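Peer 1: I would like to see how this sequence folds:
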Amino acid sequence: MKKIPSFTIDHIRLLRGIYVSRKDEVGNETVTTFDIRMKEPNREPALSPAAIHTIEHLAATFLRNHPVWADKVIYWGPMGCLTGNYLVMKGDLRSEDIVDLMKETFRFIAGFEGEIPGASAKDCGNYLMMNLPMAKWEADKFLHEVLEKLTEDNLNYPQ
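Peer 2: Numbers count the residues shown, from 1 in each chain. Below is the predicted model of the structure:
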């Protein structure tokens, strides 16, 4: 069986950060998948399902409405391991290219007040599994501890 590239990353040494997970050619376009890693795998507690679900709704809404990047955003969604999210974008991009976008996204989440977009029985398959206070806390923590202090180790997978 062929190895899945994301299963070959050294999760023992992986830090929180922004990583290029993969690049794919779709027609004449390059599609870049980013690993937005909010937790150190196997070394700190994962995100709660309700917090990451709330982050998903808020980040997807923010990104798909962004005045500059909206047309490049294909998908934002949680990792099954609950240690981060995937962001899929059109274009041959590097981690450094989206640092400011991620800072804006996580500032938006950390400061969000009001009704969570799409959090209704009509719009979401599990709309009761939301936790805005915890999502805001996790977003603020990631913003201040990681995004505002990025180094090469937070932008490139460990070799």
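Peer 1: please go through the protein and pick out the longest helix.
Peer 2: Across the chain, the longest stretch assigned as helix under DSSP state H is helix 49-64.
Peer 1: please name the residues that touch L132.
Peer 2: Residues in contact with L132, defined by CB atoms under 8 Å, 6 or more residues apart in numbering, are T54, F112, I116. All C-beta spots, glycine's among them, are computed from the backbone N, C-alpha and C.
Peer 1: report all helices and strands that the longest helix of the chain contacts.
Peer 2: If you count contacts as 3 or more CB pairs under 8 Å, 6 or more residues apart in numbering; DSSP states H and E, helix 49-64 packs onto strand 73-78, strand 84-90, helix 99-110, helix 132-145.
Peer 1: the shortest one: partners in the sheet, and parallel or antiparallel?
Peer 2: Going back to what we said before, that points to strand 73-78. The partner list of strand 73-78 in its sheet, established with DSSP bridges, is strand 84-90 (antiparallel).
Peer 1: the helices and strands packed on helix 49-64: which one's closest to D24?
Peer 2: Between D24 and the helices and strands packed on helix 49-64, the shortest separation by CB to CB is 9.1 Å, and it involves strand 84-90.
Peer 1: got the buried residues for that closest one?
Peer 2: Counting neighbours by 16 or more other CB atoms under 10 Å, one finds that the buried residues in strand 84-90 are G84, N85, Y86, L87, V88, M89.
Peer 1: distance check, the closest residue to the last one other than its chain neighbours against Y19.
Peer 2: Using CB to CB, 6 or more residues apart in numbering and skipping the chain neighbours, the partner closest in space to M89 is K72 (4.8 Å). When distances are taken as CB to CB, to the nearest Å, K72 and Y19 turn out to be 18 Å apart.
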